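K.L.:
How does the following fold in three dimensions:
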Amino acid sequence: MSGQRKYYRTEIKLHPCSWNANTQKAVYVDKKKAKALSVDFSSLSTFKEVEDYNSYLQKLIVTITEAEKRFKMDNIAYSVEMVIEKLNNQKKAVTKKEDASNVFFDLLQKYIMDHEDFREKGGLSTYKSVKTHLQNYCKATGKKLTFENIDYAFFQSFQTFLLQDRKVMVERDGEIKEKTIKGLNNTTIAKRLSTIKSFLNYAKREGISVSDKYKDFKLTAKMRDNFCRTHFNFCCFHVFDISLSNCLHFLLIDGIVMGFLRIV
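P.N.:
Okay, the predicted model is just below:
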């Protein structure tokens, strides 16, 4: 910058063969290439780590570019040190967002673990699936999920994410392969979104401050009809003596607890 050079520590550590000096990006080295280079494959960065490193470096470049534009627009003579200060401030803000995002997923995992002992086997599968989908959504969009930023726009965006087919690169046995993940059907999506709303209510009971902006989001008529039609036969409440061979279960639909009997 104007003949000035300053180094900024990124805290990324890579083997020399995992760095492309021309593109200034981290590169994934598979087992075959590592063997040809006589490098221990287990000591190299995984495919996911390489993706995360490059994403982080790209964000640094964007932050630097935006800082320079801002200084120029404000007619401020700036130095390398001033740009680095912007980077440090951005790092603090990102760390704060990551901490808030960790709170969300930590509580979701706590809910799953706390209910494993007395919930029917497989009863928490929906919550586990929701957690995986949310983590994939955050990775694909680069967004940090917090209790404060879950609003109408999030539910719309997440619904679209679940609906669409998408291709991802996965690492298997040291090789990178493309995998197609099919979008979910309307019934399953409705169940996932309803589960998130139930979890947000649980978070409130735990004393977590949760934004109310998500409440305006409603399932579309088609999704709601499919969801209710799928579970229609299980949504009647029976009040009479049941034998030991019968089990009374409850189903939560849009905040309404429905009871049903499962005949063993």
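K.L.:
pull the CA atoms of stretch 162-174 into CSV?
P.N.:
The C-alpha coordinates for stretch 162-174 follow below in CSV (Å, rounded to 0.1, in the frame of the first residue of the first chain):
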residue,chain,number,x,y,z
LEU,A,162,-34.4,-27.2,2.4
LEU,A,163,-36.5,-27.3,-0.8
GLN,A,164,-33.7,-27.0,-3.4
ASP,A,165,-31.4,-29.8,-4.6
ARG,A,166,-27.7,-28.9,-4.1
LYS,A,167,-24.3,-30.3,-4.9
VAL,A,168,-21.6,-30.5,-2.4
MET,A,169,-18.0,-31.7,-2.5
VAL,A,170,-17.2,-34.3,0.2
GLU,A,171,-14.0,-36.0,1.2
ARG,A,172,-14.0,-39.8,1.2
ASP,A,173,-10.9,-41.9,1.9
GLY,A,174,-8.7,-39.0,1.0
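K.L.:
How far does that stretch sit from its chain's centre?
P.N.:
Once both centres are worked out by CA atoms, centre = their mean, to the nearest Å, stretch 162-174 turns out to sit 14 Å from its chain's centre.
K.L.:
Identify all contacting residues around it.
P.N.:
By CB atoms under 8 Å, 6 or more residues apart in numbering, the surrounding residues in contact with stretch 162-174 are 28, 30-32, 34, 41, 46-48, 133, 140, 176-184, 188-189, 192. C-beta here means a position set from N, CA and C on the backbone, and glycine is covered the same way.
K.L.:
same thing with stretch 50-67?
P.N.:
By CB under 8 Å, 6+ apart, stretch 50-67 touches 8, 10, 12, 14, 18, 24-28, 45, 78, 82-83, 86-87, 90, 142.
K.L.:
Can you flag which of those residues belong to strands?
P.N.:
K25, A26 (DSSP state E).
K.L.:
Please spell out the PyMOL selection for the buried subset of the contacts of stretch 50-67.
P.N.:
The following PyMOL line selects those of these that are buried, judged by 16 or more other CB atoms under 10 Å:
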select buried, resi 18+26+28+45+78+83+86+90
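K.L.:
which ones are touching K179?
P.N.:
Each residue near K179 by CB under 8 Å, 6+ apart is listed here: K167, V168, M169, V170.
K.L.:
ranges for the strands of the stretch 51-200 of the chain?
P.N.:
Assigned by DSSP state E, counting those that start in this stretch, the strands in the stretch 51-200 of the chain fall at 166-172, 175-181.
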